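> Structure, please.
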Amino acid sequence: MNDGPRMIPGFTIRGSYSIVPTEPIKVGSERQLLMDDHVVEDCWHCRRTVHSPTKHPANPLIVPTASCEGSGPAYLNCFYDEHTACFRMWATCSSAPKSAPFARRGVYYESKDGIQWQAPNLGLFEYEGSADNNIFWGHERYIFDNLTVMPMPANKRE
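Down below sits the predicted model:
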């Protein structure tokens, strides 16, 4: 006996009334940026609207406080790290001498709220005679335009 199409949990046909329920994803009551179908399982009779973003009133949020940060971060990668309960940002910066105008350094920042950022002392690379800085890669001899940092999959961590 066939009772209709077999439904796979977590799968839906747009507009279907025979959806197999799954555990709801809690998104809260604030506006959400929904650009894919991960959170929105079915959009029958819905209209997707993308609102214009606005800059934070305190923009720029990261203002260089040390000479090693140059004119500030660029080409950045940022994500929320659940293990440290903070936002982590890796970015490039430049304040290279005229002898190496395209030289870049990688600098690191952390934030608990994504608004107020700190540049922790990493002590990895010397800059202007001191390793008390947030440089994680490079110096005047390194030339790169961009970098990509991705979280390591859980099965690869120690």
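> ok, Val107 - how many residues close by?
28 (other CB atoms under 10 Å). (Each C-beta comes from the backbone N, C-alpha and C, glycine too.)
> Let me see the residues that make contact with the one helix or strand it maps to.
Using DSSP states H and E, the element containing Val107 is strand 105-111. The set of residues external to strand 105-111 that reach it, using CB atoms under 8 Å, 6 or more residues apart in numbering, is 62, 68-70, 73, 84, 86-94, 117-120, 122, 125, 127, 133-139, 142, 147.
> Out of these, list just those in strands.
Among the contacts of strand 105-111, the members falling in strands are 86-93, 135-137 (criterion: DSSP state E).
> can you list these in TSV and add neighbour count and pLDDT?
Formatted as TSV, the entries for these read as follows, by neighbours: other CB atoms under 10 Å; pLDDT from 0 to 100:
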residue	neighbour count	pLDDT
Cys86	17	94
Phe87	17	95
Arg88	17	95
Met89	20	94
Trp90	19	93
Ala91	23	91
Thr92	21	88
Cys93	23	86
Ile135	22	91
Phe136	16	90
Trp137	16	86
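> from those, which is closest to Met152?
Closest approach to Met152 among the ones in strands among the contacts of strand 105-111 (CB to CB): Arg88, at 12.5 Å.
> Not counting its neighbours along the chain, what's nearest that closest one?
Here the nearest residue to Arg88 in space, its sequence neighbours aside, is Asp81; by CB to CB, 6 or more residues apart in numbering that works out to 5.1 Å.
> Run through the residues that contact Tyr142.
103-105.
> where does this protein dip in pLDDT?
Counting by pLDDT under 70, the chain contains low-confidence ranges at 1-21, 33-43, 95-102, 139-141, 145, 157-158.
> Can you give me the neighbour number for Tyr109?
By other CB under 10 Å, the burial measure for Tyr109, its neighbour count, is 21.
> repeat for the one 3 residues further on
Neighbour count for Lys112, taken as other CB under 10 Å: 12.
> residue contacts, it?
When contacts are counted by CB under 8 Å, 6+ apart, Lys112 is found next to 85-87.
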